[in-house]
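# generate a structure from the sequence data that follows.
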Amino acid sequence: MPGDPPVPITVWPVPAPQAGETMSNAMGVRLVHNLSHRCDLIIDLAVGPQLARAIIGTQRRAHLILADPGGRGPEPATLIVSGWPPHDDAAPEQFFTRCRTSLLPGGCVAVLLPHDDLSLPVDVVVAAKRAGLMYLQHVVAADRPPRRGVRTHLDIHTDVLILTRGTTQLGDGHG
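Here you go, the predicted structure:
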């Protein structure tokens with residue numbers, strides 16, 4: 001977005017998800033290891049068992065729903081993982097407002113998008129910012145890692161947008 005500082009872009013060499021699923025097993029493991037600590041609560045809104053396997057294998061705890069708009073729901077999570085669009089048919093800004101309510105300060109939302117619509121990540125980030133989340137990092141998932149000094153075409157299959165609930169309160173109540 002114009003005027004916003006750039007976010008880091010990272011390449012993760014992980015296999016593409018199977019048709020109809022949000023991620024591969026390797027992606028689930030990377031998300032859990034990179035964005036949570038042992039015993040953290042993770043809200044799993046992904047399609048397929050891959051994230052659940054990673055959660056169990058790393059002794060994290062899982063929940064499958066977000067807090068409702070009144071703030072009632074599971075205890076706040078450190079990480080929320082979702083494909084796009086959300087499966088609850090909520091409007092994007094409404095979905096991110098519920099995510100923000102369900103996160104601990106400093107917690108993250110990882111939104112996984114197929115890498116076939118170049119404008120979709122921008123639309124998702126705009127909706128997240130309107131709900132009070134900050135754009136922290138962009139991960140591109142490719143079938144093979146880039147090699148230093150060799151020009152190769154990356155076969156990107158998934159964009160992962162990492163959004164965060166800040167740890168401080170801003171004047172507008174978002175933080």
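# and the residue nearest the centre of this protein?
residue 110 (0.5 Å; CA atoms, centre = their mean).
# what's across from it in the sheet?
For residue 110, the beta-bridge partners under DSSP bridges are residue 81, residue 162.
# do the same with residue 138
With DSSP bridges applied, residue 138 shows beta-bridge pairing to residue 9, residue 161.
# that one and residue 63: what is the separation?
Using CB to CB, to the nearest Å, one obtains 26 Å as the distance from residue 138 to residue 63. Where C-beta positions appear, they are placed from N, C-alpha and C, glycine not excepted.
# pLDDT below threshold where in this structure?
For the chain, applying pLDDT under 70 flags the ranges 1-3, 69-71, 168-175.
# all strands of this structure, in order?
Taking DSSP state E as the criterion, the chain carries its strands at 9-13, 41-45, 61-63, 77-83, 103-114, 134-142, 156-164.
# what helices or strands is the last one leaning on?
The one in question is strand 156-164. helix 25-35, strand 103-114, helix 120-130, strand 134-142 (3 or more CB pairs under 8 Å, 6 or more residues apart in numbering; DSSP states H and E).
# any chance of those in JSON lines, plus distance to residue 57?
Listed next are the helices and strands packed on strand 156-164 as JSON lines, based on distance: least, CB to CB, whole Å:
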{"stretch": "helix 25-35", "distance to residue 57": "8"}
{"stretch": "strand 103-114", "distance to residue 57": "17"}
{"stretch": "helix 120-130", "distance to residue 57": "28"}
{"stretch": "strand 134-142", "distance to residue 57": "20"}
